[in-house]
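Trainee: build me a model from this:
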Amino acid sequence: MSDALKKVLNITELSQWMNKGFSSLGISDCYMFLSSEKTQQTYQLAAGYGPRGILSDQEIADSINSDFTFIAAANKSEGHFCLLPLLFDEEQYGFLFMTMKMSSWLAYETLRAQVSSSLKNIYLLDQVNHMNAELIGMNQKLKNTEEQKTRFFINMAHETRTPLTLIKNHLDNYSQNKPDDQDLTIIKANINHLLQNMINFLDAEKIQKGKILYNHNQIIDLSELVFAKKKLYGQAQAGSFQPIEWRVDAGCFIQADPWAVDRILNNLLDNAIKYNQDYQIIKVKLKKNNGKIHLCVEDKGVGMAPDVVEHIFSPYYQISTSKYSQGIGMGLYIVKNIIQEIGARIEVKSEIDKGSLFRVEFPQSDICSDQSCEFVVSLPQSFEMETPELNSTAEPGAAEAPKILIVDDNRQLLSFLQNSLSQDFSVIVEDDSRRVMALLHSGGLPDLIISDVMMPFIDGHELVNQIYSIAEYTSIPVIFLTARGSETERIASYSQGVIDYIQKPFSIVSLRSKIKALLRLEKTREKNKAREVKRRILSVLNESDVDEYDQVKQNFDSLCLSYKISQREKEVLVKIVKGANNKQIASSLNLSLRTVEFHISNLFKKCHCSDRFQLLKIFHESLT
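Mentor: Residues are numbered from 1 along each chain as shown. All right, here's what the predicted structure looks like:
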């Protein structure tokens, strides 16, 4: 008897079925014998229905040690008894033994079908119950694992807040003596950013557990709070490229915790500044209207699609199509919960490439002086997180320094990398991955590209695919500089052709050394290719290889023609192939040094390269 069959044999249910079913058929005695564990040829009593009704458990147990051997043929009734074989999925596992002869073969077959159908239903029900039990167990395991992860992150957040708080306070004390130190300003802003992320995470967990974060049993003047925020913005962002237009009605009183409302306003302002297009005006309005207070924050940024708007108040949701996507996606989730606590409501209107409008409607409160409270507003992250202006043109670097293109959506990181690497390299930076291909097409290909992976619009993987889809760009090495660190991510990156994968946080000293080693290796490889192309081209020019002469010379001439290389530039190119420097070229062709430099510059522009090795490589690939 199979294991699957053993699961279905609920003897009590079968006996009850036999009591009802067999009595209706006029059968006085019926016993079920199942295949013995000892052998398939013998059987043991499993259930029965006799003159005294259903056999008791004890009666069945008394017969367990007795094996019965049935010699009668299957599907055959003789005398006053009938043997009915029991089949399950074509496996015979026992018999029904009946002491009354069946009236007809039709009744006999009907009985057998009823027994088989009942057993199969019991089996299926058992399988369903078993699967449900497994699913319940798996769900519980997942729930336990999720709770363990949440506890881990909560503990980690608590443990991180303490050292960050110490660092922040010591840094605040130290920076008082150096208020104009740009490095300290960047450090402070990013530490505050980390602290705010920690606070958002912990508060979101409290909200999900039903805890109340604020005391809303107080009256505040929202107008004064917005006026104070305006003053802070003027002090922190004088001359900012994100101008804000403030229109505020006086005397807008609401019942809410001032810390909670301050948090709402900070989040809306941070998002508006983060997603706004440069130099576009952000509008902040506070108006009284028919017993309601309306707070509106409007930007002229990238906007959101309707399906995105539906999810922005969900926990951990990030707008992946935004211009900047830093953060953990908790701000608006917390804002929505605060708004619900104070009986207010929020609505969002947004259009792609036109901007977004957030409108919060508060119930207006009566002025009650004895409940009014004083409050000092906090500084939104965007007010202190200064966004540096980027120099998209190459920093000069050393003479004839290798050119590096760095792509990342974080302007502060780009500014840091450009300043740190410009002493050794000519550094170009770009914060919008959509503009990279146009930058490459404009000429002067870089010797190396360093790119982030998690970027809006076009991520690092898609950018690499676009770059390497152009044959001319396949030789440009790419390094990923990213916060991701999984082995799967690394393998996918290497499979694309990325030569190195550096995880954030990183050491700028280590990065600079890796870049130098990589470019040194590339230069050695280019030199080896240059020697080969010199040999091939010289072979043609000297007519030393008669068999290849016609074909290779034709390829060389055709390539010069395709790049619109003039005869004089072609003569200079031949000298470069022969290894002559600029002075030697000028002397042999009776040209001034300045004229030679002019022709070489034209060759680089026409062939979309930046040095002699890349120029020789183009002709090498053509001739081979």
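Trainee: residue 284 touches residue 233, doesn't it?
Mentor: No - contact criterion Cβ atoms under 8 Å: residue 284 and residue 233 do not qualify, at 9.3 Å. No exception for glycine: its C-beta is placed from N, CA and C like everyone else's.
Trainee: identify the contacts common to the two.
Mentor: 244, 269 (Cβ atoms under 8 Å, 6 or more residues apart in numbering).
Trainee: residue contacts, residue 403?
Mentor: Applying Cβ under 8 Å, 6+ apart, the residues near residue 403 are 394, 425, 426, 427, 428, 444, 445, 446, 447, 448, 610.
Trainee: and for residue 427, the neighbour number?
Mentor: 27 (other Cβ atoms under 10 Å).
Trainee: an error on my part: the question was meant for residue 419.
Mentor: The burial count for residue 419: 14, using other Cβ under 10 Å.
Trainee: contact partners for it?
Mentor: Going by Cβ under 8 Å, 6+ apart, the list of residues near residue 419 is empty.
Trainee: would it count as being in a helix?
Mentor: Yes - Residue 419 sits within a helix when classified using DSSP: H, G, I helix; E, B strand; the rest coil.
Trainee: what about residue 589, how many neighbours?
Mentor: With other Cβ under 10 Å as criterion, residue 589 counts 16.
Trainee: quickly find the element holding the closest residue in space to it that isn't next to it in sequence.
Mentor: Residue nearest to residue 589 in three dimensions, not counting chain neighbours: residue 571, with 6.0 Å by Cβ to Cβ, 6 or more residues apart in numbering. Secondary structure from DSSP states H and E places residue 571 in helix 567-577.
Trainee: list the buried residues of that helix.
Mentor: Using 16 or more other Cβ atoms under 10 Å as the burial criterion, the residues of helix 567-577 that qualify are 569, 570, 572, 573, 574, 575, 576, 577.
Trainee: sorry, back to before: who wins on neighbours among the contacts of residue 403?
Mentor: Busiest of those [other Cβ under 10 Å] is residue 427, holding 27 neighbours.
Trainee: so it makes contact with residue 414?
Mentor: No - contact criterion Cβ under 8 Å: residue 427 and residue 414 do not qualify, at 9.3 Å.
Trainee: which neighbours do the two have in common?
Mentor: Common neighbours of residue 427 and residue 414 (Cβ under 8 Å, 6+ apart) are residue 406.
Trainee: quick one on the thing from earlier: among the buried residues of helix 567-577, which one lies nearest to residue 515?
Mentor: residue 576 (26.8 Å; Cβ to Cβ).
Trainee: is it true that residue 354 touches residue 304?
Mentor: No - the criterion here is Cβ under 8 Å, and residue 354 misses it with residue 304 at 10.1 Å.
Trainee: settle it for me: which of the two has more neighbours?
Mentor: Set residue 354 next to residue 304 and count neighbours by other Cβ under 10 Å: residue 304 wins out with 22 against 13.
Trainee: tell me the pLDDT of that one.
Mentor: pLDDT for residue 304: 88.
Trainee: ok, now how distant is it from residue 311?
Mentor: 10 Å (Cβ to Cβ, to the nearest Å).
Trainee: one step back: lowest-confidence entry in the buried residues of helix 567-577?
Mentor: For the buried residues of helix 567-577, the pLDDT minimum is residue 577, 75.
Trainee: pLDDT on the helix or strand that residue 125 is a member of, on average?
Mentor: Assessed by DSSP H and E, residue 125 sits inside helix 105-175. Taken as a whole, helix 105-175 has an average pLDDT of 73.
Trainee: and stretch 338-353, by the same measure?
Mentor: Stretch 338-353 shows a mean pLDDT of 92.
Trainee: pull stretch 480-494 out as CSV, backbone CA atoms only.
Mentor: The C-alpha coordinates for stretch 480-494 follow below in CSV (Å, rounded to 0.1, in the frame of the first residue of the first chain):
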residue,chain,number,x,y,z
PHE,A,480,31.0,51.2,-11.9
LEU,A,481,31.0,53.2,-8.7
THR,A,482,27.9,52.2,-6.8
ALA,A,483,26.1,51.5,-3.4
ARG,A,484,25.0,48.1,-4.7
GLY,A,485,27.2,45.1,-3.7
SER,A,486,25.5,41.8,-4.4
GLU,A,487,27.4,39.1,-6.3
THR,A,488,24.6,38.9,-8.8
GLU,A,489,25.0,42.6,-9.6
ARG,A,490,28.8,42.2,-10.0
ILE,A,491,28.4,39.3,-12.4
ALA,A,492,25.9,41.2,-14.4
SER,A,493,28.2,44.2,-14.6
TYR,A,494,31.2,42.2,-15.7
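Trainee: list the buried residues in that stretch.
Mentor: Within stretch 480-494, the residues scored as buried using 16+ other Cβ under 10 Å are 480, 481, 482, 484, 489, 490, 493.
Trainee: mind putting the residues you listed into CSV with secondary structure?
Mentor: CSV is the format used below for the buried residues of stretch 480-494 (three-state DSSP):
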residue, secondary structure
480, strand
481, strand
482, strand
484, coil
489, helix
490, helix
493, helix
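Trainee: quick one: least confident of those?
Mentor: Least confident by pLDDT among the buried residues of stretch 480-494: that is residue 484, with 76.
Trainee: for that one, list the residues it contacts.
Mentor: Applying Cβ under 8 Å, 6+ apart, we find residue 484 in contact with 453, 454, 503.
Trainee: in helices, which of those residues fall?
Mentor: Among the contacts of residue 484, none falls in helices (DSSP state H).
Trainee: of those residues, which is the most crowded?
Mentor: residue 453 leads the contacts of residue 484 on contacts (other Cβ under 10 Å) with 21 neighbours.
Trainee: could you verify my assumption that that one touches residue 478?
Mentor: No - the pair residue 453 / residue 478 is not scored as a contact, 10.9 Å apart, by Cβ under 8 Å.
Trainee: show me what contacts residue 222?
Mentor: Contacts of residue 222 (Cβ under 8 Å, 6+ apart): 252, 253, 254, 261, 286, 293, 295, 362.
Trainee: let's see 6 Å
Mentor: Contact analysis of residue 222 by Cβ atoms under 6 Å, 6 or more residues apart in numbering lists 252, 254.
Trainee: tell me the buried residues in stretch 508-525?
Mentor: Buried residues in stretch 508-525 (16+ other Cβ under 10 Å): 511, 512, 514, 515, 518, 519, 522.
Trainee: how about the fifth one, secondary structure?
Mentor: The reference is to residue 518. At residue 518 the chain is in helix, as set by three-state DSSP.
Trainee: poorly predicted segments of the stretch 251-400 of the chain, please.
Mentor: 318-329, 368-400 (pLDDT under 70).
Trainee: helices of that one, start to end?
Mentor: Along the stretch 251-400 of the chain, the stretches classed as helices by DSSP state H, counting those that start in this stretch are 258-275, 306-309, 331-341, 381-384.
Trainee: in a markdown table: those helices, plus mean neighbour count and distance to residue 418.
Mentor: Shown next, in a markdown table, are the helices of the stretch 251-400 of the chain (neighbours: other Cβ atoms under 10 Å; distance: least, Cβ to Cβ, whole Å):
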| stretch | mean neighbour count | distance to residue 418 |
| --- | --- | --- |
| helix 258-275 | 22 | 22 |
| helix 306-309 | 12 | 32 |
| helix 331-341 | 20 | 30 |
| helix 381-384 | 21 | 22 |
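Trainee: end to end on stretch 479-497, go ahead and measure it.
Mentor: Terminal residues of stretch 479-497 lie 10 Å apart, using Cα to Cα, to the nearest Å.
Trainee: again but with stretch 560-575, I slipped
Mentor: 14 Å.
Trainee: what about the spatially closest residue to residue 294 that is not a sequence neighbour, neighbour count?
Mentor: Excluding its sequence neighbours, the residue lying closest to residue 294 (Cβ to Cβ, 6+ apart) is residue 287, at 4.8 Å. Other residues near residue 287 come to 13 when the count uses other Cβ under 10 Å.
Trainee: I'd say residue 287 and residue 249 touch.
Mentor: Yes - Residue 287 is within contact range of residue 249, at 5.4 Å (criterion: Cβ atoms under 6 Å).
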